[in-house]
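**Student:** What would the 3D arrangement of this be:
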Amino acid sequence: MAEPVTIARPYAEAVFKLASEGNASGTLAAWSDALANIDGVVADARVQACISDPKVSAQQLEGLVLGVVGDKLSGDARNFVQVLVQNNRLELMPLIRAHYEALKRDKEGVLEAKIISALKMSDEQVKQLVAQLEAKYQRKVTAQVETDISLIGGVKIVVGDKVIDATVRGKLDAMAAALTH
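**Tutor:** Here you go, the predicted structure:
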């Protein structure tokens, strides 16, 4: 059986292609909003229960989703919901949205960075760090900031598949590894 990400990817790419064409189907931002709205409905526990309930027909499920969010969706986005329901793929919505957003960021030249700090960072510190990352990568960077006290001190930055570990925990782990080998 194929991985859910593998199944979700073509749906995200199809939506991205529609959004990139910029015709009546909308823009990248409009589709981003539409996918967020659909994902918000699908994430609800009651809707999840309906998705997994074999007694709920495709028409009922489609009516439920479109009844909640349909007035916020374009015709193409409504059709997209119908396709997902008919193909039993509505539960993949979070993965479809995540892949779409990655494609959108790539087209817009934006990198997403995950900044994990041992202590809460001020807005100014985050701004300075983002500016340094933008200078390093020559692209716009959006940052998601988290706090993890197990790092003891310092900061860990994840940009794509690159990790910059300037934490005390990272240095201790490296020292322990060097001593045991």
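
**Student:** Can you name the residues in contact with the helix or strand where A77 lies?
**Tutor:** Assigned by DSSP states H and E, A77 belongs to helix 75-86. The contact list for helix 75-86 (CB atoms under 8 Å, 6 or more residues apart in numbering) reads 11, 15, 18, 24-26, 31, 34, 38, 58, 61-62, 65-66, 70, 73, 89-90, 92-93, 96. Heads up, the C-betas are built off the backbone N, CA and C, glycines and all.

**Student:** same deal with stretch 115-131?
**Tutor:** Contacts to stretch 115-131, defined as CB under 8 Å, 6+ apart, come from residues 113, 141-149, 151-158, 167-169.

**Student:** Can you say which of the residues you listed are buried?
**Tutor:** Taking 16 or more other CB atoms under 10 Å as the criterion, what is buried in these is A113, V141, A143, V145, L151, G154, V155, K156, I157, T167, R169.

**Student:** For the residues you listed, name the two members farthest from one another.
**Tutor:** Every pair in the buried ones among the contacts of stretch 115-131 was compared (CB to CB); the two farthest apart turn out to be V141 and R169, at 23.8 Å.

**Student:** Point out where the chain drops to low pLDDT.
**Tutor:** Low-confidence regions of the chain, defined by pLDDT under 70, span residues 1, 22-26.

**Student:** okay, now the domains of it?
**Tutor:** Per automatic domain parsing, the structural domains of the chain span 4-105, 109-180.

**Student:** Go through those and pick out the most buried.
**Tutor:** domain 4-105 (a mean of 16; mean count of other CB atoms under 10 Å).

**Student:** Next up, the contacts around K72.
**Tutor:** With contacts defined as CB under 8 Å, 6+ apart, the neighbours of K72 are D33, A34, N37.

**Student:** for the protein, what's the longest helix?
**Tutor:** helix 4-21 (DSSP state H).

**Student:** list the helices and strands it packs on?
**Tutor:** Helices and strands touching helix 4-21, as assessed by 3 or more CB pairs under 8 Å, 6 or more residues apart in numbering; DSSP states H and E, comprise helix 28-43, helix 75-86, helix 93-108.

**Student:** let's go with 6 Å and repeat that
**Tutor:** If you count contacts as 3 or more CB pairs under 6 Å, 6 or more residues apart in numbering; DSSP states H and E, helix 4-21 packs onto helix 28-43, helix 93-108.
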